[in-house]
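# Okay, predicted coordinates and the sequence, questions at the end:
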Number of protein chains: 2
Amino acid sequence: MNRKVAPTESTADQRRLQMADIARLAGVSTSTVSRALSGSKLVNEETRNRIADLARSLNYTINIGAQNLRLKQNRTVAVVVPYDNTTRQHLSDPFFLSILGSLADALTDRGFDMLLSRVDSEQLDSISLPYDTGRAIGVILIGQWRHHDQLNKITARGVPIVVWGAQLERQMYVTIGSDNVAGGLLATEHLIQNGRKKIAFFGDVKLPEVASRFAGYQQALAAHQLPFDAQLVVPASFLENGGNIAMAELTARNVEYDALFCCSDLLAMSAINILRDQNKLVPEDVAVVGYDDIELARYFHPPLTTIRQPIQTAGLALVDSLLNIIDQQTVTPQLLPTELIFRSSSAVTK
Amino acid sequence: MNRKVAPTESTADQRRLQMADIARLAGVSTSTVSRALSGSKLVNEETRNRIADLARSLNYTINIGAQNLRLKQNRTVAVVVPYDNTTRQHLSDPFFLSILGSLADALTDRGFDMLLSRVDSEQLDSISLPYDTGRAIGVILIGQWRHHDQLNKITARGVPIVVWGAQLERQMYVTIGSDNVAGGLLATEHLIQNGRKKIAFFGDVKLPEVASRFAGYQQALAAHQLPFDAQLVVPASFLENGGNIAMAELTARNVEYDALFCCSDLLAMSAINILRDQNKLVPEDVAVVGYDDIELARYFHPPLTTIRQPIQTAGLALVDSLLNIIDQQTVTPQLLPTELIFRSSSAVTK
DNA sequence: ATGAAAGCGCTAACAC
DNA sequence: GTGTTAGCGCTTTCAT
């Protein structure tokens, strides 16, 4: 752990400038400085400018901590990213990372700071800590995992929170998510319309979002009177080499398939690599559709057909919903539209 | 812009619990509560436990803002990621994102919070804002910057700052970076040893880090008495389709080459795609080496030989250096070792 | 072992 | 237009 104990105190010797110093140098009271720096018209323009210049030249900036305390305000939002405690893997998922970027943008645009923390997905208690300690005015949680009840409890306590994830039954907290049922439907329909009939599904159905994609998958099959074959459904985690394991499993089952719908692009890519080792051609022998449309999907060979989640919109929606909750407004969960990005990995060849 | 103005105040009606409330409920003074919660032995054990239980059951946590003000302490570190103001692209670079993850881990381990902000790379003044406003005790700056002088100025002002990047002349601030000269050398030597003689270089030499890799490239050529051909050096940005543009340029120059050293994996991947379109085989006709070893490098086809930067180590080094600076210790810039990851894109075929 | 009081850096009545 | 004063939520002498 190697926990540092000492530092934390800001540089002892060279004391930080504060309002009183500016006041003294300008020959006025702190009230005047305070007013001047906040642009109040109560203070004489000439004085105001003089003070502003002085502050600028000395790189003085109002201490936000003190200001917040006094004003009982706060412009910081906590963004919490759970990680899998066995692998610590999660911040490496390209999709989560893109969402982070879009959140950073949305928050910056609205003048909020972003406090980022990773928490062990088994210790989700601590997600409300930034709020409880007054560090942040609310929490954005990326990925709801399997912690439905805990999230309900936190919400009941009055913690402003918005979760990126699926909408579940008896849910008190607000979720923003993409329409995973539609995503699964879109992907599967696309494969069916291109002549595929035995479509394997790769994903961990225990995760709510994946369960929805699976539902979409089933709907599409049903809509086209295709039989559902449980043998074609392979559990696959998002981790490291989930794709390899899933492909091994599918191969072991010795079942015929002409397409793969994978619940993440990474899964799809590693699956394609295994297919290549098995001398199966993509898309000729097996068409593949991924999920997320990460940046590398289009650089892959073959370029990957995939379901795009609206990341920019997601960041905005998460931030705006949180701010509305804080603002006491009624906020409803949102399901953002998904989109099929058609590339060569599922090109028609049948 | 759609700037929100109202909220910022924390939920008006249901007042947040504070120490005075706990004190009243426990029938003691706030001093006692304060002491109890900080585990002081001055307070009777029985009382201490009673107060602790009460606080826990009410989800009361000490208000960090007030505590910090009183104690003049702070356990927040600012992490600043500049973005290119024309494209806003930078948070999507997988490499920067991995570093972010490792920073988050290192900070969490040491009990620090991470304040994440993106700033326009043309407005780097605001880098020190989190420090100037007292929000953070120091700044870690990640990434692209040609802002040497500005950073020197900020450092001279006494802002604790550590920068991820190359070490330059007359540099007052501390940099942590990987050994880019060695990286360039490693990649080029590898290609040479596998029989390649006309190695093209893709990268924007105006960036200090790329310049170092280029130096390594030249050193390797010289060491093996291979001629340097300026025609083989192609400027390529890290952006979007820098690879496509660079490949077009190289093709237009109509010069022979049997290998590519690309300054990022993304660059390498898009270049390989173009090569494929031109019916050139990788690695048979052209061997390719990338840089960064992003997660997808090994999923690519062919799996990409690349230079790995020590990301975990980097996060630790950045954080520890910053804490040492704050701690008034002497801190020297660090050059972390790079490593060649050999995969098929540069396999020997000559 | 506990409480009263002062003060961290700032803002906002309220005075003048 | 500017200064005086009280107080945001907490910790810590200094009393008791």
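Structure's in. What do you need?

# can you pull the contacts of A:Ala78?
Under the criterion of CB atoms under 8 Å, 6 or more residues apart in numbering or on different chains, the contact partners of A:Ala78 comprise A:Met114, A:Leu115, A:Leu116, A:Ser117, A:Pro130, A:Tyr131, A:Arg135, A:Ala136, A:Gly138, A:Val139, A:Ile140. C-betas here are computed from N, CA, C, even on glycine.

# what about the second one, distance to A:Ile311?
Looking back up the chat, that one is A:Leu115. Taking CB to CB, to the nearest Å as the criterion, A:Leu115 is separated from A:Ile311 by 21 Å.

# what number of residues lie near A:Met19?
As a burial measure, A:Met19 scores 19 neighbours (other CB atoms under 10 Å in any protein chain shown).

# and it, what is it in contact with?
Remark: with contacts taken as CB under 8 Å, 6+ apart, A:Met19 is in contact with A:Thr30, A:Val33, A:Ser34, A:Tyr60, A:Ile62, A:Asn63.

# Need the per-residue pLDDT for the nearest residue to the fourth one once chain neighbours are set aside.
What that stands for is A:Tyr60. Here the nearest residue to A:Tyr60 in space, its sequence neighbours aside, is A:Leu17; by CB to CB, 6 or more residues apart in numbering or on different chains that works out to 4.7 Å. We have a pLDDT of 93 for A:Leu17.

# Which of the three states applies to A:Leu17?
coil (DSSP: H, G, I helix; E, B strand; the rest coil).

# shouldn't it be in contact with A:Arg56?
No: the pair A:Leu17 and A:Arg56 does not pass the contact test of CB atoms under 8 Å, sitting 11.9 Å apart.

# And those two? Which one has more around it.
Higher neighbour count among A:Leu17 and A:Arg56: A:Leu17, with 16 against 10, using other CB under 10 Å.

# so where do the strands sit in chain A?
With DSSP state E as the definition, chain A shows strands at residue ranges A:76-83, A:113-120, A:139-142, A:161-164, A:174-178, A:199-202, A:233-234, A:259-262, A:287-292, A:305-308, A:334-336, A:339-341.

# Give me the sheet partners of the fourth one and which way each runs.
With DSSP bridges as the test, strand A:161-164 is paired with strand A:139-142 (parallel), strand A:174-178 (parallel).

# DNA strand D contacts on chain A?
Proximity of chain A to DNA strand D (CB under 7 Å from any atom of the strand) is limited to residues A:27-32, A:35, A:42-44, A:47-48, A:66, A:69-70, A:72.

# Which among those count as buried?
Taking 16 or more other CB atoms under 10 Å in any protein chain shown as the criterion, what is buried in those is A:Val28, A:Thr32, A:Arg35, A:Val43, A:Thr47, A:Arg48, A:Ala66, A:Leu69.

# biggest separation within those, which pair?
Within these, two members stand farthest from each other by CB to CB: A:Thr47 and A:Leu69, at 26.5 Å.

# A:Ala20 against A:Thr30, yeah?
Yes: proximity of A:Ala20 to A:Thr30 meets the contact threshold set by CB under 8 Å, at 5.7 Å.

# quick one, the lowest-mean-pLDDT helix or strand in chain A and strand B:113-120 angle?
One helix or strand of chain A scores below all others by mean pLDDT, DSSP states H and E: helix A:94-109, with a mean of 86. Comparing the axes of helix A:94-109 and strand B:113-120 via axes from the mean of the first three to the mean of the last three CA atoms, to 10 degrees yields an angle of 80 degrees.

# who does helix A:94-109 touch, helix- and strand-wise?
The criterion is 3 or more CB pairs under 8 Å, 6 or more residues apart in numbering or on different chains; DSSP states H and E, and the helices and strands that helix A:94-109 contacts are strand A:76-83, strand A:113-120, strand A:139-142, helix A:311-326, helix B:94-109, strand B:113-120.

# List the buried residues for it?
Within helix A:94-109, the residues that qualify as buried are A:94-108, counting by 16+ other CB under 10 Å.

# Which of the residues you listed lies at the shortest distance from chain B?
Relative to chain B, the closest of the buried residues of helix A:94-109 is A:Gly101; by CB to the nearest CB it sits at 3.4 Å.

# ok so, going back, select, out of the strands of chain A, the one closest to B:Thr306.
Checking those against B:Thr306 by CB to CB gives strand A:287-292 as the closest, at 22.4 Å.

# low-scoring pLDDT stretches of the stretch 251-350 of chain A, where are they?
Counting by pLDDT under 70, the low-confidence segments of the stretch 251-350 of chain A come to A:350.

# Tell me the residue of it that sits nearest DNA strand D?
Scanning the stretch 251-350 of chain A for the residue nearest DNA strand D gives A:Ile326, at 16.5 Å (criterion: CB to the nearest atom of the strand).

# can you count the residues close to that residue?
As a burial measure, the neighbour count of A:Ile326 was computed by other CB under 10 Å and equals 21.

# Flag every residue of the stretch 1-150 of chain A that's near DNA strand C.
For the stretch 1-150 of chain A, the residues in contact with DNA strand C under the definition CB under 7 Å from any atom of the strand are A:16, A:18-20, A:30-31, A:34-35, A:37-38, A:62-63, A:66-67, A:69-71.

# try 10 Å this time
On the criterion CB under 10 Å from any atom of the strand, DNA strand C has as its neighbours in the stretch 1-150 of chain A the residues A:10, A:15-23, A:29-38, A:40, A:42, A:55, A:60-73.

# from those residues, which ones fall inside helices?
Judged by DSSP state H, the subset of these located in helices is A:19-23, A:30-37, A:55, A:64-71.

# follow-up on the earlier one: among the buried ones among the residues of chain A next to DNA strand D, which one lies nearest to DNA strand C?
For these, the closest approach to DNA strand C (CB to the nearest atom of the strand) belongs to A:Ala66, at 3.4 Å.

# residues contacting the nearest residue to that closest one once chain neighbours are set aside?
Spatially, and ignoring its direct neighbours in sequence, A:Ala66 is nearest to B:Leu69 (5.6 Å; CB to CB, 6+ apart). Residues in contact with B:Leu69, defined by CB under 8 Å, 6+ apart, are A:Gly65, A:Ala66, A:Leu69.

# Serialize those residues to JSON lines and add fields for pLDDT.
JSON lines is the format used below for the contacts of B:Leu69 (pLDDT from 0 to 100):
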{"residue": "A:Gly65", "pLDDT": "97"}
{"residue": "A:Ala66", "pLDDT": "97"}
{"residue": "A:Leu69", "pLDDT": "96"}
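
# Need those residues in CSV (columns: distance to B:Val79).
Formatted as CSV, the entries for the contacts of B:Leu69 read as follows, by distance: CB to CB, whole Å:
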residue, distance to B:Val79
A:Gly65, 19
A:Ala66, 23
A:Leu69, 24
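
# From B:Ser346, how far out is the residue nearest to A:Tyr60?
55 Å.

# again with A:Asp277
20 Å.

# the more surrounded of these two?
Neighbours per residue, other CB under 10 Å: of A:Asp277 and B:Ser346, the larger number sits with B:Ser346, 27 against 10.

# how near is that one to B:Ile22?
In this structure, B:Ser346 and B:Ile22 are separated by 65 Å, where distance is defined by CB to CB.

# what sits against A:Ala23?
A:Ala23 is in contact with A:Ser29, A:Thr30, A:Thr32, A:Val33, counting by CB under 8 Å, 6+ apart.

# redo that, cut-off 10 Å
A:Ser29, A:Thr30, A:Ser31, A:Thr32, A:Val33, A:Ser34, A:Ala36, A:Ile51, A:Leu54 (CB atoms under 10 Å, 6 or more residues apart in numbering or on different chains).

# I'd assumed A:Thr47 was in contact with the first one.
Translated: A:Ser29. No: with contact defined as CB atoms under 10 Å, A:Ser29 does not reach A:Thr47; the gap is 11.1 Å.
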